[in-house]
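Asks: Sequence and predicted structure are below.
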Amino acid sequence: MEQLSFFDGGPHSPKLPVDLMEYKPDFFTRAECDTLIPALKTKIRWNQETIQMYGKLLNTPRLTAWYGDNSKTYAFSGKKYDPYLWTDELLFIKHRVDAAAGITFNSVLLNLYRNGNDSVAWHADDEPELGINPVIASVSFGQIRRFDVRHKTDKQQKYSVELENGSLLVMKGDLQHNWLHQVPKSTRALGERINLTFRVIS
Ligand SMILES: O=C(O)CCC(=O)C(=O)O
Ligand SMILES: [Fe+2]
């Protein structure tokens, strides 16, 4: 796998295994974040999805939206999604992310965490259309939130990184096969966070 040598660590970078995760704070400038956040908030078609759990229909604890190239249908948690077509803001973000990762992503899943009660539970992005050892580029805007990673079988192996406003986290290697990740709920009063995970869907 090619190395993203672009990520030089630096004083604010957490100690992460570079074959699994590379973190770049300030990937977008403060001014860019201040423009992009309200644009994404208002122009993205945010959806409230539901999940079937123990025979009940529950609201997913966040809002989501699925954008991408025409025709890239994506099956996720037993549902099929037809993406909305790229907006100007999404293309601006995508071009920067593509250049950094050396990959032309063809889809993005957006999450809006409205407050500390919103979260994403332990999971791996291991849908077959993502292929083996996919590179997934995760951009964060707004409220800093903790991102946890743990090995599926070796409980000792775990990492946490605070995903800051304007940051980029690239997930790669076997992270989606042998590890799980989550964004936990928090009892603190937290503001809104928007996360975008860029993916290549076959
Ligand atoms: O919000 C995040 O940082 C992670 C989101 C995530 O894991 C996902 O959408 O698959
Ligand atoms: Fe994920």
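Replies: Yes, it's here. Ligands and ions are numbered 1, 2, ... in the order given.
Asks: the strands in this protein, which residues?
Replies: For the chain, strands defined by DSSP state E occupy the ranges 21-24, 50-53, 56-59, 63-68, 74-76, 79-81, 107-113, 120-123, 136-142, 145-151, 158-163, 167-171, 179-183, 193-199.
Asks: For the most far-flung residue of the chain relative to its centre, report the pLDDT, please.
Replies: Note on the chain: the largest C-alpha distance from the chain mean falls to residue 55, namely 28.1 Å (Cα atoms, centre = their mean). The predicted structure scores residue 55 at 93 on the pLDDT scale.
Asks: and what of the one 4 residues further on?
Replies: In the prediction, the pLDDT value recorded for residue 59 is 97.
Asks: show me the contacts for residue 150.
Replies: Contacts were defined as Cβ atoms under 8 Å, 6 or more residues apart in numbering; by that measure residue 150 touches 122, 157-159, 179-181. From N, CA and C alone the C-beta is placed, and that goes for glycine too.
Asks: Let me have the residues you listed in JSON lines, extended by neighbour count.
Replies: Written out in JSON lines, the entries for these read as follows (neighbours: other Cβ atoms under 10 Å):
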{"residue": "122", "neighbour count": "13"}
{"residue": "157", "neighbour count": "13"}
{"residue": "158", "neighbour count": "12"}
{"residue": "159", "neighbour count": "17"}
{"residue": "179", "neighbour count": "22"}
{"residue": "180", "neighbour count": "17"}
{"residue": "181", "neighbour count": "22"}
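Asks: Ligand 1 next: which of those residues are close?
Replies: On the criterion Cβ under 6 Å from any ligand atom, residue 181 are the entries of those that sit beside ligand 1.
Asks: dump the residue contacts of the closest residue to residue 141 other than its chain neighbours.
Replies: Taking Cβ to Cβ, 6 or more residues apart in numbering, and ignoring the residues beside it in sequence, residue 141 has residue 194 as its nearest neighbour in space, at 4.5 Å. Each residue near residue 194 by Cβ under 8 Å, 6+ apart is listed here: 37, 40-41, 110-113, 140-142.
Asks: How about residue 169?
Replies: With contact set as Cβ under 8 Å, 6+ apart, residue 169 has these partners: 21-24, 137-138, 140, 147, 161, 163.
Asks: Now which of the residues you listed would you call buried?
Replies: In those, burial by neighbour count holds for 21-24, 137-138, 140, 147, 161, 163, counting by 16 or more other Cβ atoms under 10 Å.
Asks: Looking only at stretch 194-202, what residues are buried by neighbour count?
Replies: 194-201.
Asks: pLDDT value on the residue of the chain found nearest ligand 1, please?
Replies: Ranking the residues of the chain by distance to ligand 1 (Cβ to the nearest ligand atom) places residue 195 first, at 3.4 Å. Residue-level confidence at residue 195 comes out at 98, pLDDT.
Asks: show me what contacts it?
Replies: Residues counted as contacts of residue 195 (Cβ under 8 Å, 6+ apart) are 110-111, 113, 138-141, 163, 183.
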